[in-house]
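**Q** Model the following, please.
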Amino acid sequence: MTAITSSVSLAIPDLAPAGIEHVRLLEAIGREGSISAAARAIGLSYKAAWSRVSALNTLAGRPLVASQRGGAEGGGAALTPEGIGFVEAFRRLEAETADAVRRLFSDPAGPVLEKGHVRGGFFRTSARNALPGVVIDVEDGPLNALVRLRIAGGQLVEAAITRASLLELGLFPGRHALALIKAPFVHLLPPGESGSNRLLGRVVSIEMEEGRGADARGEVTLDIGPPDGPDIGARLVAVAPVSRLLTLGLAPGTAAMARFEPSQIILATD
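**A** Prediction:
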């Protein structure tokens, strides 16, 4: 059977429908910081890009892109909060529509994995750490990209992903994302070390294996939120040899630092 795909478009009377190509332009503006650069990035003329932006503003009934003309370094553009919300809502609608089509015309066994992304409703993951955050910066290269997020609790993390994944996920400053990190990838250190992906926290709990001698491991849960109170999603779990935990002198209430590599983070969007 030929695979059936779906597409989403939005329209109002007397206006051509806006679809995924319009949303990709918004995502490119969010990444590139200008309409002209965004147009070049996705292979559009400047005139066509402006036409799409105008159509989207009319469709939404409010500005989705804020532009600035002139100046010594030329103009720029950024998505408004409504523009960011539009992108996120459209992508969510696109995923839900694809899931509905899959359930109508294909095996209803459950969510499917497509191009490395889970499609189809809520899902569970083996990664103990799922940190919600907001993208604050993107360093885009020819093959790879570095994405910085401010996670729940206020601290920063950096994720190294491919440029193809950056485009597929539609990431740009202001976009919400989820950072997934497996607990064994989180290394525990004494407080005070500087560098990327070093998160300061307080030990909430420690669970240690019994009966395994030198091979015993422990699971440490850190509160990486602000010191004046708990923050939803501001917990980080690390797994390490018990000998390491004893060397660090960890106990509930003590301070510790967690470190992990940018390449060990998986980013997800809804």
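**Q** Need the residue closest to the centroid of this protein.
**A** Closest residue to the average C-alpha location of the chain: residue 177 at 2.4 Å, with CA atoms, centre = their mean.
**Q** How about it: which residues does it bridge to?
**A** residue 133 (DSSP bridges).
**Q** burial measure for residue 219, as a count.
**A** 16 (other CB atoms under 10 Å). Every residue, glycine included, has its C-beta placed from N, CA and C.
**Q** Put the alpha carbons of the host helix or strand of it into PDB.
**A** Under the criterion of DSSP states H and E, residue 219 resides in strand 217-223. Extracted as PDB, the C-alpha positions of strand 217-223 are listed here (Å, rounded to 0.1, in the frame of the first residue of the first chain):
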ATOM      1  CA  ARG A 217      26.500   2.100  42.000                       C
ATOM      2  CA  GLY A 218      24.400   4.800  43.400                       C
ATOM      3  CA  GLU A 219      21.600   7.100  42.000                       C
ATOM      4  CA  VAL A 220      21.800  10.700  43.100                       C
ATOM      5  CA  THR A 221      19.000  13.200  42.600                       C
ATOM      6  CA  LEU A 222      20.000  16.900  42.500                       C
ATOM      7  CA  ASP A 223      17.700  19.900  42.900                       C
END
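**Q** what sits up against that strand?
**A** Surrounding strand 217-223, the residues in contact under the criterion CB atoms under 8 Å, 6 or more residues apart in numbering are 183, 188, 199, 201-209, 230, 234-242, 245, 250, 256, 258.
**Q** Take these and keep only those in strands.
**A** 188, 199, 201-208, 235-241, 256, 258 (DSSP state E).
**Q** For residue 53, which residues are in contact?
**A** Residue 53 neighbours (CB under 8 Å, 6+ apart): 25, 29, 35, 64-65.
**Q** where does residue 36 land in three-state SS?
**A** Three-state assignment for residue 36 (DSSP: H, G, I helix; E, B strand; the rest coil): helix.
**Q** Find the residue closest to it in space, skipping its chain neighbours.
**A** Once flanking residues are discounted, residue 36 sits nearest to residue 46: 5.3 Å by CB to CB, 6 or more residues apart in numbering.
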